[in-house]
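> 3D model of this:
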Amino acid sequence: MALAREWDELVARARSLGPEFADFLAPPRLSDLTPRGGSGTAVLLNVTPERCDALLVSAGGVQPVPLPDLSLREAAARTTAHLERLARLEAATAGVLHTAHRARVRLAAADFTAHHRAKTELRQAQDDVDGHLSEDLVWLWDTVTGPVLEQVCPDSATGRRDTRVWWCPTGPLSFLPLHASGHHDGSGVSVLDRVTSSYTPTLRALALAARPPRGERPPRMLAVVVEDLAGQPPLPQAAAELDLLRQLFPGDLLTVLDGRAATRAAVLDALPRHRWVHFSCHGRQHLSDPSRGGLLLADGPLTVTELGRGRFDGEFGFLSACMTATGGVHLTEEVVTLGAGLHYAGFRHVLATLWSIDADVAADLAHKIVRPLVAAGRLDPTASAAVVNEAVLSLRTDFPTRPSRWAPLTHTGP
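Got it, this is the predicted structure:
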């Protein structure tokens, strides 16, 4: 009892030190967790064996939305199948690159035959991913996002693009593109057509990201570019993305770390001195140990753990790399991803991908997203969520039957 009294006295003393300590060790107040001081709705998705629900958090309070058609078993089965199809697609892509190299080097008939067979397997794997992904996007709408938006936008059958929704998924839903769910048949029955989506790892992270910056970072862009890396396929889009950044950020507004100069130490040293960062490199995620996932730099991976240790107070991060918004299969509740790591470390707006995307698509996205946000060498990330939404809609128009090209891009932040 004496120790309990001492604890209470110490907590009271800590809370009396000043306004910033008034809620020391206290549960957060709802007003402190409301998105952007009252604008928009955060959607926490809870998936358990007993039942599934969404919690809508807004300025008006917390509203529970039962999701009776969603089950943990089906969500887990669909997620597992989706990840397996993506793995087969990755393997088929690697097979095409490998056989193409052998055919160029040896010029043997057997190698040309193997390359043709690899291309056929790649087309089949791509068709398999896109066909099932289209079905999964419909299922997500029918069981999860549709019932949620019925409550968020109850007075409109079409919704409004300026309505903001922050998705905070848990469990197997963390691996699926909630923001792209819907019936993409021209009916407008989809999340992309009705609201502007973002993600947040937690409500507290969203509240912190919405606060003004603590300090004024120099208005400079850091470009980290690793186009060729031993053991990895080349990234032809990296040069195009760097050219774009040089156009938009002339002179000393751009710092470039490329090739051998893009080391882990150099990047970690440069991040605190830049307000914006653009990574154009390979990404790798360990589904069984997500903290080991990282951006593949000249001297090894810059891991989620290393990024999470930093305190950068930046504004905008574009991760033009693979699987930067993908977490681990054993830590589905903990949002251990590269995108979340950069966000936790202080970059308030972070763009990442749930899986690998085509090189041409990556370069196109860089143009469609970064250019509209930049004026006179300064990047304003305020509208980044809306710009991302429009870029994805544009890609959907170009590739309506290939959701694997436009569904993986995500925005995290206020």
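
> what comes up buried for the lengthiest helix in the chain?
Criterion DSSP state H: the longest helix present in the chain is helix 72-106. Within helix 72-106, the residues scored as buried using 16 or more other Cβ atoms under 10 Å are 72, 75-76, 78-79, 82-83, 85-86, 88-89, 92-93, 95-96, 99-100, 102-103. Where C-beta positions appear, they are placed from N, C-alpha and C, glycine not excepted.

> now for the next helix or strand after that helix, which elements pack on it?
Proceeding N to C from helix 72-106, the next assigned helix or strand is helix 109-140, under DSSP states H and E. Here helix 109-140 touches helix 72-106, strand 182-183, helix 403-406, going by 3 or more Cβ pairs under 8 Å, 6 or more residues apart in numbering; DSSP states H and E.

> Dump the ones you listed into TSV; add distance to residue 202 as well.
Converted to TSV, the helices and strands packed on helix 109-140 look like this (distance: least, Cβ to Cβ, whole Å):
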stretch	distance to residue 202
helix 72-106	20
strand 182-183	26
helix 403-406	27
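
> between those, which gets the lowest average pLDDT?
Among the helices and strands packed on helix 109-140, helix 72-106 has the lowest mean pLDDT, at a mean of 87.

> what sits against residue 266?
With contact taken as Cβ atoms under 8 Å, 6 or more residues apart in numbering, residue 266 is in contact with residue 257.

> show me where the stretch 201-350 of the chain has strands.
Ranges of strands in the stretch 201-350 of the chain, per DSSP state E, counting those that start in this stretch, are 221-225, 254-258, 276-280, 282-284, 294-297, 300-303, 316-320, 349-353.

> With just CA atoms, put stretch 225-233 into PDB.
Output of stretch 225-233 as PDB, limited to C-alpha atoms (Å, rounded to 0.1, in the frame of the first residue of the first chain):
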ATOM      1  CA  VAL A 225      19.000   6.000 -55.900                       C
ATOM      2  CA  VAL A 226      20.400   2.500 -56.300                       C
ATOM      3  CA  GLU A 227      19.700   1.500 -59.900                       C
ATOM      4  CA  ASP A 228      22.100  -1.500 -60.100                       C
ATOM      5  CA  LEU A 229      22.800  -3.900 -57.200                       C
ATOM      6  CA  ALA A 230      24.500  -7.200 -57.300                       C
ATOM      7  CA  GLY A 231      22.000 -10.100 -57.200                       C
ATOM      8  CA  GLN A 232      19.100  -7.900 -58.000                       C
ATOM      9  CA  PRO A 233      17.400  -7.000 -61.400                       C
END
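
> Run the chain-centre distance for it.
22 Å (Cα atoms, centre = their mean, to the nearest Å).

> is it true that residue 202 touches residue 168?
Yes. Contact status for residue 202 versus residue 168: in contact at 6.9 Å, counting by Cβ atoms under 8 Å.

> Settle it for me: which of those two has more neighbours?
More crowded of residue 202 and residue 168, by other Cβ atoms under 10 Å: residue 168, with 23 against 16.

> name the helices or strands packed onto the longest helix of the chain?
Against helix 72-106 (3+ Cβ pairs under 8 Å, 6+ apart) you get helix 109-140.

> which helices and strands does the helix or strand that the helix it packs on is followed by pack with?
Using DSSP H and E, the helix or strand that follows helix 109-140 in sequence is helix 146-152. Identification of packing neighbours for helix 146-152 by 3+ Cβ pairs under 8 Å, 6+ apart yields strand 41-47, strand 52-58, strand 61-66, strand 164-168.

> who's in contact with helix 146-152?
Here helix 146-152 has contacts from 41, 43, 54, 56, 63, 65, 67, 69, 159, 163, 165, 181-182, 189, 191, 194-195, using Cβ under 8 Å, 6+ apart.

> From the residues you listed, list just the buried residues.
Buried members of these, counted by 16+ other Cβ under 10 Å: 41, 43, 54, 56, 65, 67, 159, 163, 165, 181-182, 189, 191, 194-195.

> quick one: least confident of the residues you listed?
The member of those with the lowest pLDDT is residue 159, at 55.

> For stretch 12-31, measure first residue to last.
Using Cα to Cα, to the nearest Å, the end-to-end distance of stretch 12-31 comes to 22 Å.

> Check the offset of it from the chain's centre.
The answer for stretch 12-31 is 32 Å, by Cα atoms, centre = their mean.

> roughly how far is stretch 164-171 from the heart of the chain?
12 Å.

> do the same with stretch 188-203
13 Å.

> Any idea how far apart the tips of that stretch sit?
29 Å.

> Also stretch 221-230?
From its first residue to its last, stretch 221-230 covers 27 Å (Cα to Cα).

> same question, stretch 372-387
Stretch 372-387: ends 8 Å apart by Cα to Cα.

> what do you get for stretch 244-256?
Termini of stretch 244-256 sit 12 Å apart (Cα to Cα).

> quick one: contacts of it?
Contacts to stretch 244-256, defined as Cβ under 8 Å, 6+ apart, come from residues 219-223, 225, 242, 270, 274, 278, 366-367, 370-371, 374, 377, 379.

> Let's see which of these end up in helices.
Those of the contacts of stretch 244-256 lying in helices (DSSP H): 242, 270, 366-367, 370-371.

> The nearest residue to residue 320 once chain neighbours are set aside bridge partners, please.
Leaving out its chain neighbours, the residue that sits closest to residue 320 by Cβ to Cβ, 6 or more residues apart in numbering is residue 280, at 4.7 Å. Applying DSSP bridges to residue 280 gives these bridge partners: residue 225, residue 320.

> if I look at residue 280, how far off is residue 364?
13 Å (Cβ to Cβ, to the nearest Å).

> Looking at these two, which is more packed in?
For residue 280 versus residue 364, neighbours defined as other Cβ under 10 Å are more numerous around residue 280 (27 against 19).

> That one and residue 241 touch, don't they?
Yes. Under the criterion of Cβ under 8 Å, residue 280 makes contact with residue 241 at 4.7 Å.

> Give the intersection of the neighbour lists for these two.
With Cβ under 8 Å, 6+ apart, residue 280 and residue 241 have common neighbours 223, 225, 320.

> surely the first one meets residue 274?
No. Applying Cβ under 8 Å as the test, residue 223 and residue 274 come out as separate, 9.5 Å apart.

> Low-confidence ranges, the stretch 1-150 of the chain, go.
35-38 (pLDDT under 70).

> Please tell me how far the closest residue in space to residue 182 that isn't next to it in sequence sits from residue 403.
Spatial nearest neighbour of residue 182, chain neighbours left out: residue 190 (2.3 Å); criterion: Cβ to Cβ, 6+ apart. Distance, residue 190 to residue 403, using Cβ to Cβ: 11 Å.
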